[in-house]
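1. Quick one: sequence and predicted model below, then my questions.
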Amino acid sequence: MATRTSSAPTSAPSTEAPTPGRIWNFSAGPAVLPEPVLRQAQEDLWSIRGSGIGIAEHSHRGKIYETVNAEAEAACRELAGIPSSHKVLFLQGGASLQFAMVPFNLLPAGRTADYIVTGVWSQKAIKEAKAIGQVHQAFDGAGEEFRRIPSADEIRYSADPAYIHLTTNNTIYGTQWRSEPPVPAGAPLVADTSSDMFSRPIDVSKYGLIYAGAQKNLGPSGVVLLIIREDLLDRVPASVPSILQYKTHAKEKSLYNTPNTFGVYLMGEVLKWIRSGGGLDAMARRNAEKARLLYDVIDSTDFWRGTAEAGSRSIMNVCFRAASEELEKAFCAEATAAGLDGLKGHRATGGMRASIYNACPLGAVEALAAFMRDFEQRKG
Ligand SMILES: *Cc1c(COP(=O)(O)O)cnc(C)c1O
């Protein structure tokens, strides 16, 4: 964080202050976590459930961790109403390992996998799949700088795809699917939901596989939540190493090797926090309200320019630009000095990005909206 400079605004309108010792954090990931969860984790790191041993010190084969693991899975199943046809796994290696594990498991020789490419993360996913098998790019948004999500009639599937891969929220470009596109009958839909998992209701029965790195909406980095339809477990060719087979992890209930025990614990606490806050419907309402506050500021004058097409805008990552890079630099520096951190856009796009995931409080977004209005009045 930059130190306070003389150019810091002194007249910013007053909004709710963050909890003492904390600042407003708009980082794209790892990202802000719910404060009640952090408080609980502080205690549980010392000693969890009266055991005299901290959560990071318990054996993954012991009773305490068994309960932690089971509670995390139960909260996950309950939140999304996950049908019994689908397994829930907690894996490691980030979402990026899934770019390779998905084709290793679901793309046998002689078949083709279809990828809908709507951003850098989908590009990385298709690149890994190409190294493993045959792929077909069903849509490519690169020519339009990934400003939008395609309509159904722009997607061209191959004849009999082994699966269809999409990225539900494009973290870097601030675009998000409103609903699943139609897919050919029998082709499993595979989704990277890393940056919008559990930000709104999700109908798991529509998917063959869902994966999400936890560090945006669900917990710390180093854990991946993966949901897979059971019948897909057996597609994997025998030549794939066992640690890369979903089957292995499903059979061992995510305990094939030592899991990220602390990460699964923290994710479980975040899921319980979502549940106690009213579940996914309540999350979706809050997230839509937060996003609207920022898009309203962006749309209210010509000073700001939203980079995503209006119909494709994300409620998780709000990307916007000002008239010049100089102004954008000044904005980010002054925002940081005012205690609003992490607003610099991704290096691939420039500009600004406010990541306002589940755990980002309404107060933070109100403070940012007020700061943007103030900045505009001073510089516009
Ligand atoms: C952050 C992100 C990733 C990469 O996650 P890692 O855990 O760093 O591998 C992949 N996909 C999406 C959509 C992301 O937002």
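-> Yes, it's here. Residues are numbered from 1 along each chain as shown.
2. can you pull out the strands in the stretch 51-200 of the chain?
-> Counting by DSSP state E, counting those that start in this stretch, the stretch 51-200 of the chain forms strands over residues 86-91, 112-117, 134-140, 164-167, 169-170, 175-176, 189-192, given from the N-terminal end onward.
3. right, so of the ones you listed, which gets closest to Ser27?
-> Nearest of the strands of the stretch 51-200 of the chain to Ser27, taken as Cβ to Cβ: strand 169-170 at 15.6 Å. The C-beta positions use only the backbone N, C-alpha and C, and glycine is treated the same way.
4. about what we covered before: out of the strands of the stretch 51-200 of the chain, nearest to Ala75?
-> Go through the strands of the stretch 51-200 of the chain one by one with Cβ to Cβ and the one that ends up closest to Ala75 is strand 86-91, at 10.1 Å.
5. residues making contact with the closest one?
-> When contacts are defined by Cβ atoms under 8 Å, 6 or more residues apart in numbering, strand 86-91 is touched by residues 69, 72-73, 76-77, 82, 97-98, 101, 204-205, 223-230, 233, 246, 249-250, 254, 259-260, 263-264, 267.
6. Close to the ligand: what parts of the stretch 1-150 of the chain are there?
-> Contact residues of the stretch 1-150 of the chain with respect to the ligand, defined by Cβ under 6 Å from any ligand atom, are listed as 29, 94-96, 121.
7. One more pass at 8 Å, please.
-> The stretch 1-150 of the chain comes close to the ligand at residues 28-29, 93-99, 119, 121, 124-125, as judged by Cβ under 8 Å from any ligand atom.
8. Out of the residues you listed, name the ones that lie in helices.
-> Under the assignment DSSP state H, these contribute 94-99, 121, 124-125 to helices.
9. among those, which two are most distant?
-> For those, and using Cβ to Cβ, no pair is farther apart than Leu97 and Trp121, which are 13.1 Å apart.
10. So between those two, which is more surrounded?
-> Trp121 (21 against 16; other Cβ atoms under 10 Å).
11. Where does pLDDT dip in this structure?
-> By pLDDT under 70, the weakly predicted segments of the chain are 1-14.
12. quick one: the helices in it?
-> With DSSP H as the definition, the chain shows helices at residue ranges 35-46, 63-80, 94-106, 120-132, 246-251, 261-276, 279-300, 325-337, 362-379.
13. Any figure for the gap between the spatially most central residue of the chain and the ligand?
-> Centrality entry for the chain: nearest residue to the mean C-alpha point is Ser195, 1.5 Å, by Cα atoms, centre = their mean. For Ser195, the distance to the ligand (Cβ to the nearest ligand atom, to the nearest Å) stands at 4 Å.
14. Now do Leu226: how many residues are near it, please.
-> For Leu226, the number of neighbouring residues by other Cβ under 10 Å comes to 22.
15. Test my guess that it contacts Gly208.
-> No: contact criterion Cβ atoms under 8 Å: Leu226 and Gly208 do not qualify, at 11.5 Å.
16. show me what contacts whatever residue of the stretch 251-380 of the chain ends up closest to the ligand?
-> Taking Cβ to the nearest ligand atom as the measure, the point where the stretch 251-380 of the chain comes nearest the ligand is Asn317, at 8.5 Å. Taking Cβ under 8 Å, 6+ apart as the criterion, Asn317 is in contact with 28, 169-174, 195, 353-356.
17. What sits closest to whatever residue of the stretch 201-350 of the chain ends up closest to the ligand if chain neighbours are left out?
-> When you check the stretch 201-350 of the chain against the ligand by Cβ to the nearest ligand atom, the closest residue turns out to be Gly213, at 3.3 Å. Ranked by Cβ to Cβ, 6 or more residues apart in numbering and with sequence neighbours excluded, the top spatial neighbour of Gly213 is Ala95, at 3.7 Å.
18. before we move on, back to that, now rank the residues of the stretch 1-150 of the chain next to the ligand by neighbours and give me the top one.
-> For these, the largest neighbour count, defined by other Cβ under 10 Å, is 28 neighbours, found at Ala125.
19. ok, now which ones touch that residue?
-> 99, 102, 115, 165, 167, 192.
20. Could you work out the most separated pair of these?
-> Once Cβ to Cβ is applied, the contacts of Ala125 give Val102 and Thr167 as the farthest pair, at 12.1 Å.
21. Who has more neighbours out of these two?
-> Summary of the neighbour comparison: Val102 and Thr167, criterion other Cβ under 10 Å, with Thr167 having more neighbours (29 against 25).
22. just checking, the more buried one touches Asp196?
-> No: checked against Cβ under 8 Å, the pair Thr167 and Asp196 is beyond contact range at 9.5 Å.
23. what sits up against stretch 256-272?
-> The set of residues that contact stretch 256-272 without belonging to it, under Cβ under 8 Å, 6+ apart, is 33-34, 37, 40-41, 44-45, 48, 55-56, 58, 60, 65, 68-69, 71-72, 75-76, 79, 90, 92, 198, 214, 218-223, 225, 242-243, 248-249, 254, 358-359.
24. And this structure, what are its domain boundaries?
-> The chain breaks down into these structural domains: 63-274, 279-379 (assignment by automatic domain parsing).
25. First-to-last residue distance for the last one?
-> Between the opening and closing residues of domain 279-379 lies a distance of 41 Å (Cα to Cα, to the nearest Å).
26. got the buried residues for stretch 154-162?
-> Neighbour-count burial for stretch 154-162 flags 155, 157-158, 161-162 (criterion: 16 or more other Cβ atoms under 10 Å).
27. And stretch 196-209, by the same measure?
-> Under the neighbour-count criterion of 16+ other Cβ under 10 Å, stretch 196-209 has 196-200, 202, 204, 207-209 buried.
28. of all these, which comes closest to Val365?
-> With Cβ to Cβ as the yardstick, the closest approach to Val365 among these comes from Ser199, at 13.9 Å.
29. residues contacting the residue in the chain that the ligand sits nearest to?
-> The shortest separation between the chain and the ligand is 2.7 Å, found at Gly94 (distances taken as Cβ to the nearest ligand atom). For Gly94, the contact set (Cβ under 8 Å, 6+ apart) comprises 213, 221-222, 224.
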